[in-house]
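# structure for this input, please:
(6 chains)
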Number of protein chains: 4
Amino acid sequence: MSIEFDNNLPIYIQIMNYIKKEIITGKLQSGDKIPSVRELASLLQINPNTVQRTFQELEREEIVETKRGLGRYVTSEESKIMSIKKEMAGDLIQHFITEMKELGFQEQDILSIVSDAFRTGEFNGRKS
Amino acid sequence: MSIEFDNNLPIYIQIMNYIKKEIITGKLQSGDKIPSVRELASLLQINPNTVQRTFQELEREEIVETKRGLGRYVTSEESKIMSIKKEMAGDLIQHFITEMKELGFQEQDILSIVSDAFRTGEFNGRKS
Amino acid sequence: MSIEFDNNLPIYIQIMNYIKKEIITGKLQSGDKIPSVRELASLLQINPNTVQRTFQELEREEIVETKRGLGRYVTSEESKIMSIKKEMAGDLIQHFITEMKELGFQEQDILSIVSDAFRTGEFNGRKS
Amino acid sequence: MSIEFDNNLPIYIQIMNYIKKEIITGKLQSGDKIPSVRELASLLQINPNTVQRTFQELEREEIVETKRGLGRYVTSEESKIMSIKKEMAGDLIQHFITEMKELGFQEQDILSIVSDAFRTGEFNGRKS
DNA sequence: GTGGTCTAGACCACT
DNA sequence: GTGGTCTAGACCACA
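Numbering: from 1, shown residues only, chains lettered A, B, ... in the order given. Sure thing, here's the model as predicted:
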């Protein structure tokens, strides 16, 4: 596991997103144990406090739960996992469409651009 | 002109994006004078230094240019304006597709989701 | 006559330097009449106040003198003209050497770099 | 560390140049931590925002990089450091030669003037 | 009137 | 403790 950190986003948010994606794609499953604070901190070469913050937020969102003395685990509520995917995708789509509209694109423009992007793997010269 | 500020993004960035969109959609055209620091500050009810920061960054990106003692103007290089639109759209698309793929969506999923979103105007319960 | 203005230096200073160089290289000679404020302003497409400021400074430096009702003339004191050249060159050299030393260059380095620059007409890829 | 400020140039630019020279001459090396905003501000007896401005510009030029919560460091890209020296020296030389030519000096004139300047340490009466 | 710089001081997020 | 942002207000150079 390794993450290339983007300087514009807090590290703890980036780790949160990483873990959420692991769950959504099934690499981490309901009930799985997740690494300890120390373990993850040394793995990612970051401050344990930052990892602590990550877990604290994930717990607040009820995505992981602590079993005292045993460690942290992915929530056992399967419905919660479903809703994470819906939420993340919904946010992405809303943001994307809102912004594209503000740039003056119409529905057909957007659909063909997205379709093109898949075929070529490029977006105005930016490699995928 | 009015902007509803979103607390997660610095105000000067939000104004930058607002002005870029004005240019992209043709409301501000090449060579047009843009409002003075003081004018925009009083219009948006924010501190002149914040506006100054906005313009400083836009100037760095060569989107506006200063004529000393006269004011600021949208760049006279039309090609620059073209490239802003490409850049903003390209970034949006790349980010959107990359993230959607990481959530496990395929091309067809994405196309139909985007299409649906237009029809219903909603995205998992979020109003457009 | 045309000057490409550099945004980092006040326009009136740039015109001052331009006129000084005209005098130093003999294009403008002792006793020659120089253009009027209005004439120069329309020629350079700038504000007459800016030209006025230029002449005011040149007069303060005793490089031009006003003959009331007749116009402005290059100073009749030839010695003054000599000293302008010395002054401008002296300033250039002092600045150049001081800065080069601070970058860690020695006398021999500097001499050979200057010599090279003449031969190639380039300075680290910058065309002359 | 102390800088004598010259009133004609913005303080933040003078500090930028100072730091660049420190890097070029090896006093600050790739990966070194640079002083914090508050530290440098109190050291130089200036406002922290002025130092902030300095660092913002150096970061834009990719000469320093921020590690969030930890401080700022000289860029780890050694090639960048090389190019700063080339750039600063190239600019100095280009400016010097262009201006000297405009004053009517030839290659031999310039070489002997520079050589003289080193021997006497003076430039038309200005002490080095 | 226009932008550019600087000071002073505050608040916040991140590590 | 570190940097990032924002406000408030001042002074100056320029056109």
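# around A:Asn8, how many other residues sit close by?
6 (other CB atoms under 10 Å in any protein chain shown). Every residue, glycine included, has its C-beta placed from N, CA and C.
# roughly how far does it sit from chain D?
According to CB to the nearest CB, to the nearest Å, A:Asn8 stands 10 Å off from chain D.
# any idea which element that residue lies in?
Using DSSP states H and E, A:Asn8 falls within no helix or strand.
# for it, what are phi and psi?
For A:Asn8, the backbone dihedrals (degrees, to the nearest 10) come out as phi -90, psi -20.
# do the same with the one 5 residues further on
In this entry, A:Ile13 is assigned phi and psi values of phi -70, psi -40 (degrees, to the nearest 10).
# for A:Tyr73, same thing?
According to degrees, to the nearest 10, A:Tyr73 has phi -140, psi 150.
# and it, bridged to which residues?
Judged by DSSP bridges, the bridge partners of A:Tyr73 are A:Lys33, A:Glu65.
# that one against A:Glu59, yeah?
No - the pair A:Tyr73 / A:Glu59 is not scored as a contact, 10.8 Å apart, by CB atoms under 8 Å.
# could I get the phi/psi values of the most centrally placed residue in chain A?
The residue lying closest to the centre of chain A (CA atoms, centre = their mean) is A:Asn17, at 2.4 Å. Here is the backbone geometry of A:Asn17 (degrees, to the nearest 10): phi -60, psi -40.
# not counting residues beside it along the chain, what's closest to A:Pro10?
Setting aside the residues directly before and after it, A:Pro10 is nearest to D:Arg68 in space (CB to CB, 6 or more residues apart in numbering or on different chains), at 7.7 Å.
# gap between that neighbour and A:Ile11?
7 Å (CB to CB, to the nearest Å).
# neighbour count: those two, which is higher?
Higher neighbour count among D:Arg68 and A:Ile11: A:Ile11, with 20 against 10, using other CB under 10 Å.
# pull the contacting residues for that one.
Neighbouring residues of A:Ile11 by CB atoms under 8 Å, 6 or more residues apart in numbering or on different chains: A:5, A:46, A:50, D:68.
# repeat for A:Val51
Contacts of A:Val51 by CB under 8 Å, 6+ apart are A:12, A:15, A:37, A:40-41, A:44.
# make CSV out of those and add neighbour count.
Listed next are the contacts of A:Val51 as CSV, based on neighbours: other CB atoms under 10 Å in any protein chain shown:
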residue, neighbour count
A:Tyr12, 20
A:Ile15, 22
A:Val37, 17
A:Leu40, 20
A:Ala41, 18
A:Leu44, 20
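# between these, which is nearest A:Lys85?
Taking CB to CB as the measure, A:Lys85 sits nearest to A:Ile15 out of those, at 18.2 Å.
# quick one: contacts for that closest one?
Going by CB under 8 Å, 6+ apart, the list of residues near A:Ile15 reads A:3, A:40, A:44, A:50-51, A:54.
# out of the residues you listed, who's nearest B:Leu28?
A:Ile3 (39.0 Å).
# give me the pLDDT for the closest one.
On pLDDT, A:Ile3 comes in at 67.
# how does chain A divide up, domain by domain?
Under the assignment the TED database, the domains of chain A span A:11-76, A:79-120.
# and the first one, does that touch DNA strand E?
Yes - in this structure, domain A:11-76 sits against DNA strand E according to CB under 7 Å from any atom of the strand; the contacting residues are A:11-13, A:46-47, A:49-50, A:53.
# want to throw the residues you listed into JSON lines with secondary structure, pLDDT and distance to A:Ile63?
Below are the residues of domain A:11-76 next to DNA strand E laid out as JSON lines (DSSP: H, G, I helix; E, B strand; the rest coil; pLDDT from 0 to 100; distance: CB to CB, whole Å):
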{"residue": "A:Ile11", "secondary structure": "helix", "pLDDT": "89", "distance to A:Ile63": "18"}
{"residue": "A:Tyr12", "secondary structure": "helix", "pLDDT": "91", "distance to A:Ile63": "14"}
{"residue": "A:Ile13", "secondary structure": "helix", "pLDDT": "90", "distance to A:Ile63": "13"}
{"residue": "A:Ile46", "secondary structure": "coil", "pLDDT": "88", "distance to A:Ile63": "20"}
{"residue": "A:Asn47", "secondary structure": "coil", "pLDDT": "89", "distance to A:Ile63": "22"}
{"residue": "A:Asn49", "secondary structure": "helix", "pLDDT": "90", "distance to A:Ile63": "20"}
{"residue": "A:Thr50", "secondary structure": "helix", "pLDDT": "91", "distance to A:Ile63": "17"}
{"residue": "A:Arg53", "secondary structure": "helix", "pLDDT": "92", "distance to A:Ile63": "14"}
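# which among these count as buried?
Buried members of the residues of domain A:11-76 next to DNA strand E, counted by 16 or more other CB atoms under 10 Å in any protein chain shown: A:11-12, A:46, A:50, A:53.
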